[in-house]
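Peer 1: Pasted the sequence and its predicted model underneath.
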Amino acid sequence: MYSINDFDIGFLLEKKIHISKELHQSFCDFSGDNSPLHTDHSFAKKLNYKEPIGYAFLITSLLSRIYGTIFPGGSELCLSQTCNFKNIYYVGDILSFRIKVIQKNVDLRLATLETKVTNQNHKIIFTGTSVMQLIKL
């Protein structure tokens with residue numbers, strides 16, 4: 001876990017996550033979102049997608065995993081998160097999460113993080129900004 005003094009503006013974390021069939025299905029089961037756009041090959045093809053597309057909100061769930069276990073690692077309260085879903089992705093893709101500290105306020109223990117998620121072809125899938133308040137350790 002990090003405290004506000006453990007990193008500087010510009011601190012960068014990069015994490016790659018493979019979107020496996022199991023991860024995709026797990027999110028489907030947990031969320032209850034069984035939309036044919038995410039689950040039915042013939043429906044997806046009718047909409048000119050090569051296969052069912054990945055869940056946008058799976059990305060935000062993965063951000064929660066990163067925030068809570070890696071950076072800041074469970075030492076924070078997420079006060080806000082913007083989500084810009086730029087492009088679709090597919091099951092089997094490898095998503096690269098790039099999280100950068102762009103602002104911090106030591107007195108209020110606030111860190112503003114900029115997030116960019118790309119696929120293995122460097123296509124931007126997601127961008128967003130979060131504000132975290134780090135708890136006192």
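Peer 2: Now that the structure is in, tell me what you want to look at.

Peer 1: Was I right to think Thr82 contacts Ser130?
Peer 2: Yes: Thr82 is within contact range of Ser130, at 7.5 Å (criterion: Cβ atoms under 8 Å). C-beta coordinates here come from the backbone N, C-alpha and C atoms, glycine included.

Peer 1: So these two - more neighbours on which side?
Peer 2: When Thr82 and Ser130 are compared for neighbours, Ser130 comes out ahead with 19 against 11, by other Cβ atoms under 10 Å.

Peer 1: Got phi/psi on Pro72?
Peer 2: With angles defined as degrees, to the nearest 10, Pro72 sits at phi -70, psi -10.

Peer 1: What distance do you get for it to Ser31?
Peer 2: Relative to Ser31, Pro72 is positioned 25 Å away (Cβ to Cβ, to the nearest Å).

Peer 1: Strands along the chain, start to end?
Peer 2: Here the chain has its strands, by DSSP state E, at 12-18, 76-81, 84-85, 94-105, 110-118, 124-134.

Peer 1: Mean neighbour count, these: which tops it?
Peer 2: Across the strands of the chain, averaging neighbours per residue (mean count of other Cβ atoms under 10 Å) puts strand 110-118 on top, at a mean of 20.

Peer 1: Against which helices or strands is that one packed?
Peer 2: strand 94-105, strand 124-134 (3 or more Cβ pairs under 8 Å, 6 or more residues apart in numbering; DSSP states H and E).

Peer 1: Take these and lay them out in TSV including mean pLDDT and distance to Gln25.
Peer 2: Below are those laid out as TSV (pLDDT from 0 to 100; distance: least, Cβ to Cβ, whole Å):
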stretch	mean pLDDT	distance to Gln25
strand 94-105	97	17
strand 124-134	97	20
